[in-house]
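> sequence below, structure please.
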Amino acid sequence: MNAIILCGGLSTRLGDITKSIPKTLLEIKGKTVLGWQLEKLQHVGIKEVVLAAGHLSEVLHREVGLHHNGTQLTYAIEQERLGTGGAIKHAWDYITQPKEPVIILNGDVLTAVDLADMVHYLDDKSDGIILGTRVEDAAPYGTLEYDAQFHLIKFKEKEGLRQPGYINGGIYIFTPQARNYFPDKKAFSIEYDVFPNMTKLSVYQSDRPWVDIGVPDRLAWARERWQS
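The predicted structure is shown next:
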């Protein structure tokens with residue numbers, strides 16, 4: 001099993017908070033966001049992780065180095081803005097087990113989801129599985145539409161409805177064949193240029209705690225209330 005963490009975002013919504021530090025290095029209850037994520041990956045036996053870095057990659061490398069609590073780190077540094085899909089495609093070239101599935105995490109997400117259980121539901125003959133996480137207010141997000149067998153039908157654009165819903169939780173597990181759906185270009189979106197073409201993508205539905213720390217109010221919430 002391989003793993004990629006997407007750490008290259010510009011973090012513009014956090015303003016001066018991330019002017020000189022990538023958001024994956026922001027501290028939450030005594031650990032960085034990256035530290036929380038690497039610990040979660042270690043629980044499923046991951047010992048090598050590719051960091052898809054870009055903006056402030058030199059700070060990330062200086063502060064974290066090539067090892068973190070027993071996990072070996074490799075840096076796949078973007079020389080230009082690649083988008084979510086392009087960043088994954090670029091980082092995929094750095095994984096060491098290309099015939100094995102790859103777990104991909106957005107670098108600004110904290111979740112209590114059991115990754116081992118998510119891996120358990122991965123069908124090797126599928127394209128992969130995506131975390132569908134429940135939020136009380138889905139208005140700031142697009143939501144997922146899927147059938148009774150948890151097969152993804154489509155992403156629904158932001159509807160502005162302040163009600164609970166299941167959204168893209170920013171964790172994916174792709175099988176090797178998923179790479180066949182990546183377009184032949186450098187920069188593209190995983191949500192809009194890859195997922196719509198996948199015919200065998202499942203949703204792992206979760207009601208467990210989850211937060212995207214990419215905006216100041218949610219970062220403050222995590223710093224006050226996040227628990228192991």
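> in this protein, what spans have low per-residue confidence?
11, 160, 228 (pLDDT under 70).
> what sits against Phe182?
The contact partners of Phe182, by Cβ atoms under 8 Å, 6 or more residues apart in numbering, come to Gly85, Ile88, Lys89, Phe188, Val194. (Glycine included, C-beta is placed from N, CA and C.)
> helices along the chain, start to end?
Here the chain has its helices, by DSSP state H, at 33-42, 57-64, 83-92, 115-120, 190-193, 216-225.
> bridging residues for Ile77?
For Ile77, the beta-bridge partners under DSSP bridges are Ala53.
> who touches stretch 76-96?
Here stretch 76-96 makes contact (Cβ under 8 Å, 6+ apart) with 2, 4, 6, 8, 48, 50-54, 57, 74, 98, 102, 104, 179, 182-183, 185-191, 193-194.
> tell me the span between the first and last residue of it.
Using Cα to Cα, to the nearest Å, the gap from the first to the last residue of stretch 76-96 comes to 13 Å.
> hang on, the earlier thing: nearest to Gly70 among the contacts of Phe182?
Here the nearest of the contacts of Phe182 to Gly70, counting by Cβ to Cβ, is Ile88; it sits at 24.6 Å.
> could you report the separation of the closest one from Asn69?
Ile88 sits 24 Å away from Asn69, going by Cβ to Cβ, to the nearest Å.
> if you count surrounding residues, which of these two has more?
The neighbour count for Ile88 versus Asn69, taken as other Cβ atoms under 10 Å, is higher for Ile88 (25 against 8).
> first-to-last residue distance for stretch 24-42?
Start-to-end span of stretch 24-42 (Cα to Cα) is 17 Å.
> strands of this structure, start to end?
Under the criterion DSSP state E, the chain contains strands at 2-6, 27-28, 31-32, 48-53, 67-68, 71-77, 102-106, 109-111, 128-135, 143-146, 152-156, 165-174, 201-206, 210-212.
> tell me which of the helices of the chain sits most buried.
Mean neighbour count (mean count of other Cβ atoms under 10 Å) peaks for helix 83-92 among the helices of the chain, with a mean of 23.
> next one: it to chain centre, how far?
11 Å (Cα atoms, centre = their mean, to the nearest Å).
> extract the C-alpha trace of it and format it as CSV.
Extracted as CSV, the C-alpha positions of helix 83-92 are listed here (Å, rounded to 0.1, in the frame of the first residue of the first chain):
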residue,chain,number,x,y,z
GLY,A,83,-4.3,21.4,-9.6
THR,A,84,-5.5,18.5,-7.4
GLY,A,85,-5.4,15.9,-10.2
GLY,A,86,-2.1,17.0,-11.6
ALA,A,87,-0.5,17.0,-8.2
ILE,A,88,-1.7,13.4,-7.6
LYS,A,89,-0.5,12.3,-11.1
HIS,A,90,2.9,13.9,-10.5
ALA,A,91,3.3,12.3,-7.0
TRP,A,92,2.2,8.9,-8.3
